[in-house]
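**Student:** below: sequence and its predicted model.
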Amino acid sequence: MASRQIAEMIPAQRRALVLEHIQKRGSASIQELADAAQTSPSTIRRDLEHLEDRGYIERTHGGALIQQRQPRSTFEPEAAIAAQFSRAEKTAIGQAAAAMLRDGESVIFDSSSTVAMAAQACLDRDLSLTSVTNDLGIGQLLASSSRMQVVVLGGTVRPGSLTLTGRPGSDFIPNLHADVAFIGVHAIHRGIPTETSLEAAAMKQAMVSAARRVVLLADASKFQLAAFCRICDPGAVHELITDDGAAEDDVDCLRHAGIKVTMVATAAA
């Protein structure tokens with residue numbers, strides 16, 4: 001990334017870069033992070049305080065390391081940071097997802113930063129789709145194309161996000177028979193997709209039941225300890241699209257369940 005681009009990064013982009021740097025190495029010094037982000041040590045200190053307050057990392061003398069305690073199963077990542085994290089991987093996954101679609105299909109777009117990349121890729125390909133989503137941002141994005149018929153599900157906006165859950169959207173979804181559902185997840189553990197809240201899981205469960213083909217979109221970082229509640233059994237999923245950073249042991253659990261696994265190469269690889 002060019003110096004000017006780094007200097008112009010919004011805080012969420014910089015914090016995602018810092019977090020990825022620490023995760024790849026296990027720990028990092030303030031000066032190392034300042035060099036990686038091409039910013040001042042004082043800015044990095046503020047970023048580390050922000051990340052520590054939200055449970056991502058633990059501070060050390062002169063630096064930080066990844067949270068050593070077992071993460072809470074209900075831990076909810078900050079939406080602005082999640083949208084910037086593993087961006088190259090999410091972009092490649094989104095492009096692969098859009099490539100499987102054809103004009104005239106009906107598609108459910110779950111509320112997820114990775115699914116949002118698939119929505120953008122659909123626009124880039126100028127696809128004509130009937131789109132259903134519970135994400136206000138994805139709905140606005142898709143509505144920018146005259147070739148998209150967009151249905152935004154009603155509901156209550158989750159704090160700190162653009163995700164809609166609950167009624168009336170949850171009552172409406174069972175009436176649908178979509179061709180494809182793109183589903184995001186918080187974590188995949190032993191082949192089982194999971195989420196941090198009952199409300200989010202319930203909406204995803206309804207989407208899974210309303211689609212003829214269910215495709216999980218999840219970058220390699222999503223293979224971790226299970227989140228609070230199960231979305232569905234592996235047998236309800238038809239395909240997983242992930243990046244080539246995913247461990248073979250993790251994706252084999254899905255392959256053994258009869259799920260097609262597509263692993264895309266990324267620019268960051």
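**Tutor:** Arrived safely.
**Student:** can you get me a residue count around T194?
**Tutor:** By the measure other CB atoms under 10 Å, the count of residues near T194 is 22. Where C-beta positions appear, they are placed from N, C-alpha and C, glycine not excepted.
**Student:** contacting residues for it?
**Tutor:** By CB atoms under 8 Å, 6 or more residues apart in numbering, T194 lies in contact with 185-188, 201, 226-231.
**Student:** wait, a strand at it?
**Tutor:** Yes. Per DSSP: H, G, I helix; E, B strand; the rest coil, T194 lies within a strand segment.
**Student:** could you find the closest non-adjacent residue to it?
**Tutor:** Nearest residue to T194, sequence neighbours excluded (CB to CB, 6 or more residues apart in numbering): A227, at 4.0 Å.
**Student:** host element of the one you found?
**Tutor:** Assigned by DSSP states H and E, A227 belongs to no helix or strand.
**Student:** any weak-confidence spans in the chain?
**Tutor:** Applying pLDDT under 70 to the chain picks out residues 1-9, 67-77, 79, 83-84, 267-269.
**Student:** can you list the domains in it?
**Tutor:** Domain assignment for the chain by automatic domain parsing gives 3-69, 81-264.
**Student:** helix, strand or coil for T130?
**Tutor:** Following three-state DSSP, T130 is assigned to strand.
**Student:** what sits against it?
**Tutor:** Counting by CB under 8 Å, 6+ apart, T130 makes contact with 105-107, 149, 151.
**Student:** do that again at 10 Å, thanks
**Tutor:** 104-108, 148-151, 176, 178-179 (CB atoms under 10 Å, 6 or more residues apart in numbering).
**Student:** could you do I81 as well?
**Tutor:** Applying CB under 10 Å, 6+ apart, the residues near I81 are 11-16, 18-19, 50-51, 54, 56, 113.
**Student:** helices or strands up against the longest helix seen in the chain?
**Tutor:** Using DSSP state H, we find that the single longest helix of the chain is helix 11-25. If you count contacts as 3 or more CB pairs under 10 Å, 6 or more residues apart in numbering; DSSP states H and E, helix 11-25 packs onto helix 3-7, strand 27-29, helix 30-37, helix 41-53, strand 57-60, strand 63-66, helix 79-84, helix 87-99.
**Student:** mind running it again at 6 Å?
**Tutor:** Under the contact criterion of 3 or more CB pairs under 6 Å, 6 or more residues apart in numbering; DSSP states H and E, helix 11-25 touches helix 30-37, strand 63-66, helix 79-84.
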